[in-house]
Structure formats: structure tokens, C-alpha cells
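1. how would this look folded up:
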Amino acid sequence: MSFSSPFNALRLILLLTIAISLLLSWSLLTYPSALPSFAASKAAYRPSEAWLLDRNGEVIAVKRIDNTVRRLEWVKLSDISSASQELLILSEDKRFFDHNGVDWLAIMSSSASSFMHVFDGKRPRGASTLTMQLAGFLDPSLAPARSRRTLTQKWRQIRAAQEIENKWSKSEILEAYFNLASFRGEIVGIHAASFALYGVHPSSLNREQSLLLMALLKGPMAKPTQAANRACALLKATQRDDVSSCESLHVLAQAALNTQGYVIPQNSIAPHLAQKLLTQPGSRVSTTLDANLQRFAIQSLREHLMSINTQNVSDGAVVVIDNQNGDVLAYVGSSAELSDAAKVDGVTSLRQAGSTLKPFLYGAAIEEKRLTAASVLEDTPIQLTTPMGLYIPQNYDRDFKGSVSVRTALASSLNVPAVRALGIIGVDKFTRNLRAYGLDSLTEEGEHYGFSLALGGVDVRLIDLTNAYRALANKGVWHKVRYRSTEKKQPGKKVLSKQAAFIIADILADRGARALTFGLENPLATRVWTAAKTGTSKDMRDNWCVGFSSRYTVGVWVGNFNGEPMRDVSGVSGAAPVWRDMMDYLHMGSVSPPPQIPRGVVTQSMHFVPAIESARTEFFVEGTEVEEIRLVDKGTSQEIRAKILYPPDGTLIAMDPDIPSQYQRMQFSSQGNQEVTWLIDGVNVGTGSDIGWTPAGGKHRLQLQDFQGNELDSVMFEVREAL
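-> The predicted model follows:
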């Protein structure tokens, strides 16, 4: 063909244009997507786990968040064993340090192998370098597919590998490869693989373990025998052929790979708080917990539960709070392996409060100047008619002590005086008081709970109850607790006067006052100043001990998550020993001074006539102090004004449609030492501390008068007739 003619010259130009266009199109088609830098790849890496740290940075819990993959933290190349590094290069890319991302010699060899595959049927060799494989990790469109890649896809991978080599160092390529490669099923990265298969850190991988891991890179789902055979082939390639080593590789493969699931050791000592706080994969959440204190709390709880396991007790929980800033220092949600429901969080589960609410009841009465620590209450049998039926409170020991002071009644946890105190305060008001202390599980109105509220017949959470006691330690000021060290301290709210809080704390610390029920020597008698209260719920299903020192508040619950009752377990024998252990540990080498007497509290020498208790110096809210309390009649106190116990103000009564109205009765109950008369809407309906009345529909005003006609108390209630 002659190029002299204009026509031929035009043909040449056209052919060159087409060729250049094809080359440009080929170049564009094979141009790889922008790949991240090493730093960006590392920053974008997300482990499947999240980590909980104590206040000093120690890992105390690990939680898996991403269930689609299993990755642990990014591991540096310097923290991967030299055996693994050496065997990776030998297995995947022998000339890794000699090429610029593409091993052209390997590609030519692979091409020849592919050609011969047509004749000999042997599997062609691969030619992908470590860098080319890494490009596939970084850009999934470059990764091998089930069907063979096209020439365009292969060329894009080659160009991507060259781009990586131009920007990354060889050590960065190796480090990223080790962290992004799939080893077995869902397991990605050598960090997760070494822990899942062998339970060791990548830095501790020996030669045999590394051989098996590198064999898995070529077939992550290989059966143990297949993986072992590949490892043996790699062993031969090292020119260190050893029959005994190959045999041991088969043993290792069977042990490491012949399983349905792979467990990565967690070493979690705060799994329940981790469940609460860890939500983002890869996150490291710093908490207020103290790892050493957490471990001691776990140990103390387990040892004590094991000592009483014959009494049908298997579960427990412990909380420790710093009084000053609200930091939760220990959070033990269960007894772990001792429990049949170890995942249940006993710190936040609702359990019946028992006698642990009594301090808040007496605190309210003292603040309102309705009672003092020296006031006398009756610990004698009482029957109260409620909308739910007849309520007959009993003491834990089924015994009654007669006339006792508030100090003795609270410290010795007597039940009937608490019910009488609730009658003075009122169920609705006490319910509101408890909510102010953060016990927000009380969602119903007071009449729903009735007089059982005095004895803790409601469900509360250990964390809420412990923080409520912290308010007593903090002079009646309540604050939220903190789980994260980064949380700001929230403004507090006053829930009790500092005078009443001081007196309640003093009563709860009084060994002599609690001796009536518990004796002088018991787990509540610590070597430093502490104030504490125990509680046992109905049928012994829940057992509590909550109390505080000058610096810490500790709450302990023991029982059974399945609701089974314990056998012969009281607050002193159940939760109190663990509480005592915690207080002793917290105050090793330190003191806990008693609180200073606040302004508005006075001391007064006083005595009782007759001498139901020894004469003593008592604390009083200023203006309520007395020198002598004289009992007019046995079981009554001169200083307690008569008051209506039932019905509480605002009570709604519904008549039973199945019982004729003339046979229905409503019981009125009062407390006090005066002779009293009852009036309904101004009409005298009877005398005495307790009377019955045939209900009539409508709203009524119930009055309590002395025999001189002076009104002592009054309430409003409503009776709804049956339809």
C-alpha cells in the first residue's frame, strides 16, 4: 500500500485515531478507583467488638457488636510473630520485596500454566501478589469473584497494586494485609484468627500455628485434613521437611478447626455494664469503675453465695457509688457461673424492696416534725382493712416488742411501728417522696400499694435504691449516678432536710438500737463509722443490705432470678456479709468519720416513764426536743396526737355487687392516746380506736374528735355503689 496518495494518508490517520481511542478507552476502563492511604485504611478499620475500660484505662469487658464479621483491634506488624511474617511471604508472594506491586515473572508463569491447563487438566497457578490481594481487600470490585475475572478486571487490579506500591511502604502493605485478610469463616484479621483458633496473641504464634494460618489463606473454609495438607506443603517449601512436624500439623488442624463455632476469650469482669454502655463497634468507652474493686466485689459475692448455696441462694448483685461525685465504682450484675440466668442484670432488675424503704418513711416523719427519734410507737398486733382485704403486718421474728422508740423501731427493723408511721405520713405522700429519691419504678398512686408500702411491698432496682441511700449520706441531696468518666455532674435536688438526714443516718449507725433484733455483733458492725439497713421481701425471695460510710454507698442484693424463695436467709445472713466485705475493703488504711451535727439539730438528755428504754442523749430537730416522754397507758405515747390510719385521705371505695349492702362493712382505724369519737359528715358513728361502718354511696368527710369535741384529724373519701 502506498502512502503517497491522500486517500491512503487519511486511512492511516483514521486507523491511528481508532487505535488511540481504544487505548484511551482501555486505560479508562482499567483505571482503578481511588484507593485510601495506609493511614485512612487503618482509621476506617472497625473491629466487630467494643471495649469497656475502667477509670484507669484497663479493659474490663468486651462486647461483640457486629455479628456479620469477627474482627479484633488492628495489630501492628511489630506485634505479629516473625514466623507468621516469613511464612506469609513464602506462601503468597516470594518476590514481595523485589517487585513494585506486580510480579511479571509470576504472571508469565501463570499464563503458561493456564495454557497447559487445557492439555493436562492441572489447576493453573495464581499470580496475585500480596499487594494485588490487598487492592481487593480495599476495593471489593477488584477482589476475586466466583467466576474468573476478565482481562479488564485483572488489569485494574494490577494498576491498583502499582498505585498502592507508589504510596505505601512494604511494611504498611504487610501490616494491612495481616489485618484485612480472611482466615476462617467470619474471622477476619490475624488478631481474631490467632485468638479464635489458638487463644493467643499474634505476637505469640509459633511456627506450626503460623503454618496452619497461612494455609487457610488459600482456603478459609477448608476441612481440617485439607488445611493440614496445605500446611505440610508449605512446610516442605521451607526446606525444613520434618515428618513429625507434619503429623503435628494434622493434630493441630483437628484441634483448631474441627469445631462449629469459634470462641474468642473475653475476660470480661463487667459484662452487664458493657451490655448497657457499648453500642458502637470499635468503640472504647471509659467508665467510672475501678477494676480492682470490681474483681473484689465479684470474689466476695461468689464466695458468700457458695457458703449459703444449701439454702437455695444462687444469685446476687453489688453496686458501689462514690458519695461525692456519684461515680459507680463497682457494678456486679450477677454471680456468673453460679447463676442459672447469668445474663440477667441484678443491678437493674426489679425486685421487692422489703424493709429497705423504712429510713425514707421515718425521715419524712421527722422532717415534718410528726415524729422524733424518741417518739414512742406501738409494736403490738394490728389489723387494717384495705381495699385488697385485711392487712396484718408481722415482724420478721413473729414477736412483738410493745412500746418502742422510733430509734429502736427503725434500727431493729420492726414492722408494725413502720405501718403506724405510714399512717401518720400518708400512703400518697410517701409514694411521692420515694419517687423524689429516684425510685421511679413506683408508677402507681399510693392507694395501689396501701400499707404494705411501709414494709417495702414494691419493686425497686438495686442501683436506684443504693443511690437513694446515697442521698441520706449527702445530707438529703439527691444526684444522678455516673457510669462514664466524661459525664458532667448534674445539679442535685433536695429530697430531705439535712437535719432529718443526719438523724436517720445516726439511727442506722446505732449498734445499740439495732441490738433488739440483730444483737450487738453482726455484719453491720463495721470497724469504721457506717450506717446500714437490711431488708427481706415477702416469702424470702429477695434479700438486701444497703448502707453508707462518709465516702461510699454500697448496695447488695441476693436471691434467685427465677423467683424461688430462699431458706432461712435474713438480711444479716444473706446480703450483709458481702456488704461488710465491701466496706472493709473500701476503708483499708482509711477512716470514715461520723457526719458533723448540722445546724438545726439539738442534743437533749431525755428519759421515758415508765423506763421502756434507757435514758439517753438524743438528737432532735430544733423545736421538737423533750426531756421526758411519759406513757399514759401501756402501748400509747403521750406525745403522739391521735390520727386516722385508715382510710387515707382521698381513698376510693367500691362496694361489692355480690354482697348485700347492709352486710358490707368498712373499717376505720386510728393511732393515738386520746379517747376518740368518729364522725361521718358530722354524725357520730362510734367511739374507740377502731370501729366498723356500713358504707353509703357518695363523698364523705370522716372526722376524729376527742371527748371535748376538738377535731384531731379528718380525711375525705368516696364510696361508689355497685351498679
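
2. give me the domain ranges for the chain.
-> 38-46+66-257, 328-630, 643-720 (automatic domain parsing).

3. start and end of the first one, how far apart?
-> Which is domain 38-46+66-257. Using Cα to Cα, to the nearest Å, the gap from the first to the last residue of domain 38-46+66-257 comes to 32 Å.

4. how would you label Arg701: helix, strand or coil?
-> strand (DSSP: H, G, I helix; E, B strand; the rest coil).

5. and the gap between it and Val719?
-> Distance of Arg701 to Val719, given as Cβ to Cβ, to the nearest Å: 12 Å. Any C-beta I mention is one placed from the backbone N, CA and C, and that applies to glycine too.

6. how about JSON lines for the domains of the chain, with mean neighbour count and mean pLDDT added?
-> Formatted as JSON lines, these follow (neighbours: other Cβ atoms under 10 Å; pLDDT from 0 to 100):
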{"stretch": "domain 38-46+66-257", "mean neighbour count": "17", "mean pLDDT": "84"}
{"stretch": "domain 328-630", "mean neighbour count": "20", "mean pLDDT": "91"}
{"stretch": "domain 643-720", "mean neighbour count": "16", "mean pLDDT": "82"}
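
7. of all these, which one comes closest to Pro6?
-> domain 38-46+66-257 (37.4 Å; Cβ to Cβ).

8. how far is the closest one from where the chain is centred?
-> 41 Å (Cα atoms, centre = their mean, to the nearest Å).

9. find the centremost residue of this protein, please.
-> Nearest to the mean C-alpha position of the chain, by Cα atoms, centre = their mean, lies Leu273 at 3.6 Å.

10. distance-wise, check that residue relative to Arg630.
-> 55 Å.

11. now swap in Ser182 and tell me
-> Taking Cβ to Cβ, one finds Ser182 at 87 Å from Arg630.

12. repeat that for Ser661.
-> 45 Å.

13. do the same with Phe717
-> On the measure of Cβ to Cβ, Phe717 and Arg630 end up 34 Å apart.

14. same deal with Gln294?
-> In terms of Cβ to Cβ, Gln294 sits 54 Å off from Arg630.

15. ok, Ala297 next?
-> Taken as Cβ to Cβ, the span from Ala297 to Arg630 is 49 Å.

16. do Pro271 as well
-> Distance, Pro271 to Arg630, by Cβ to Cβ: 59 Å.

17. likewise for Phe97?
-> Counting by Cβ to Cβ, the gap from Phe97 to Arg630 is 101 Å.

18. same deal with Pro577?
-> Taking Cβ to Cβ, one finds Pro577 at 42 Å from Arg630.

19. can you check Leu235 too?
-> 98 Å.

20. ok, Gly589 next?
-> 49 Å.

21. would you map the strands across the stretch 201-350 of the chain?
-> 284-286, 315-322, 328-332, 350-352 (DSSP state E, counting those that start in this stretch).

22. show me what the last one is in contact with.
-> Outside strand 350-352, the residues within contact range by Cβ atoms under 8 Å, 6 or more residues apart in numbering are 441, 456-462, 537-538, 541-542, 557, 559.

23. who does it pair up with?
-> Note on strand 350-352: by DSSP bridges, its sheet partners are strand 459-461 (antiparallel).

24. cool, thanks, signing off.
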